[in-house]
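[1] sequence and predicted structure below; questions after.
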Amino acid sequence: MPSPLIDSASLAAALASSRPPLVLDCRARLDDPAAGRALWRASHLPASQHLALEPDLSAAAGEGGRHPLPAPDAFRAVIRRLGITPDRPVVVYDDSGGQLAAARAWWMLACWAGHAEVHVLDGGLPAWQASGGALEATEAATPAPSDWRPSLDDGAWVAGADITPGRSALVDARAAPRFRGEVEPIDPVAGHIPGARCRPSAENLAADGRFKPATQLAAELADLEVEAAHDLIAYCGSGVTACHNILAYAIAGLPLPRLYAGSWSDWTRDPDRPIATGE
C-alpha cells in the first residue's frame, strides 16, 4: 500500500506536473473556529483552498460531541464545492504535524469517502517553508464544482453505543495527563474509557514535526498491546486527533482502527457510561 504521506519535494514536483493535486489547507485552532481561514487568507501554499474544521469537517457541537461528523449530504456538498473528484489527487496540510486538522480531512476523504489518492503533507506548512517552498496570499480561483457524490463508508466509524468497555480495543490520542484524569481543560469529566490504552497523537511525530518512520511507528503501536481486530477503535477528545493515530496505523501498514467520531466529548454526555482514571 502506498504511503499516505507526501514530502515537500514530491509535492512541489507534483504541482509542476501535468496532473497537479488539489491542495487543501486544513489549519485550525480549537479555541477559535475562524482562525484557520484567517491563517489561510494571510498566506498559504500556492493554489490551495481552505477546508475548515468547522463547519466543513464537522457538524455543530451538541448531540454526538464537540466535533461530530457532518451529515452525509453536507459533506458531499463540501466535496462538490471544492471540486474534489475521485480521479484527481488531493493533498491536505496544516501547521501541527497533521493533528489540526489535516489527518481529520485525510480520514474523511480517504477512509469515509473512499478517495484513493489522498496524501498528508509530511511536516505540514513548516516543512514546506523549510524546503524553500513558496507561499502566497492571493486567494486561488474558485474551483469548478464537481459532481462526485461518494458512497460514505459508515463502517469506518462507531458511535458510543457501539463500544463495550473491556471488549472493544481502544486507543486514546489525548495527552497522558488527560487520559489519567489528572486534568481536563475542555470536557466536564476527566478520565478515559475503561480498557483504553493511551497513545498521544504527538508521539507519532519526530522532533522535526514529521512522522516517525513506518517501522518505528509499527513497533510503537504494537507495544500498545491492543489487538488489531475489527473492534480496534481510535478516539480522543472530539474525534480530531484520533484521526492522527489512524493515519499512523496507515503509515505503519497496519489494519486501521475505526474512529469513535464523538470521542470523549460524546462519551461523557451519558452519566451512566463508565469512566476510568489512572493508567
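    Looks like it came in fine. Numbering: from 1, shown residues only.
[2] any idea how far G262 is from A61?
    To A61, G262 is 10 Å away according to CB to CB, to the nearest Å. For glycine as for every other residue, the C-beta is placed from the backbone atoms N, C-alpha and C.
[3] of those two, who's got more company?
    More neighbours surround G262 than the other of G262 and A61, with 24 against 13 (other CB atoms under 10 Å).
[4] which residues does the closest residue to that one other than its chain neighbours bridge with?
    Nearest in space to G262, with sequence neighbours left out and distances taken as CB to CB, 6 or more residues apart in numbering, is G65 at 3.5 Å. Applying DSSP bridges to G65 yields these beta-bridge partners: G62.
[5] my read: G65 touches G239, true?
    Yes: applying CB atoms under 8 Å, one finds G65 in contact with G239, separated by 6.5 Å.
[6] shared neighbours of the two, anything?
    Residues touching both G65 and G239 (CB atoms under 8 Å, 6 or more residues apart in numbering): 261-263, 265.
[7] want to throw these into a markdown table with pLDDT?
    Formatted as a markdown table, the entries for the shared contacts of G65 and G239 read as follows, by pLDDT from 0 to 100:
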| residue | pLDDT |
| --- | --- |
| A261 | 98 |
| G262 | 98 |
| S263 | 98 |
| S265 | 98 |
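[8] so which of the residues you listed is the most crowded?
    With neighbours defined as other CB under 10 Å, the most crowded of the shared contacts of G65 and G239 is S263; it has 30 neighbours.
[9] returning to what we had before: distance check, the residue nearest to G262 against A261.
    7 Å.
[10] shared neighbours, those two?
    In the contact map built from CB under 8 Å, 6+ apart, the residues linked to both G65 and A261 are G239.
[11] ok so, going back, please enumerate the shared neighbours of G262 and A61.
    With contacts defined as CB under 8 Å, 6+ apart, the residues shared by G262 and A61 are P68.
[12] what sits up against stretch 192-199?
    In contact with stretch 192-199 (CB under 8 Å, 6+ apart) are residues 163, 165-174, 176, 179-181, 220-221, 224-226, 235, 245, 264, 267, 273-277, 279.
[13] can you do 7 Å?
    Stretch 192-199 is touched from outside by 163, 165-166, 170-173, 176, 179, 224-226, 245, 267, 274, 276, with contacts defined as CB atoms under 7 Å, 6 or more residues apart in numbering.
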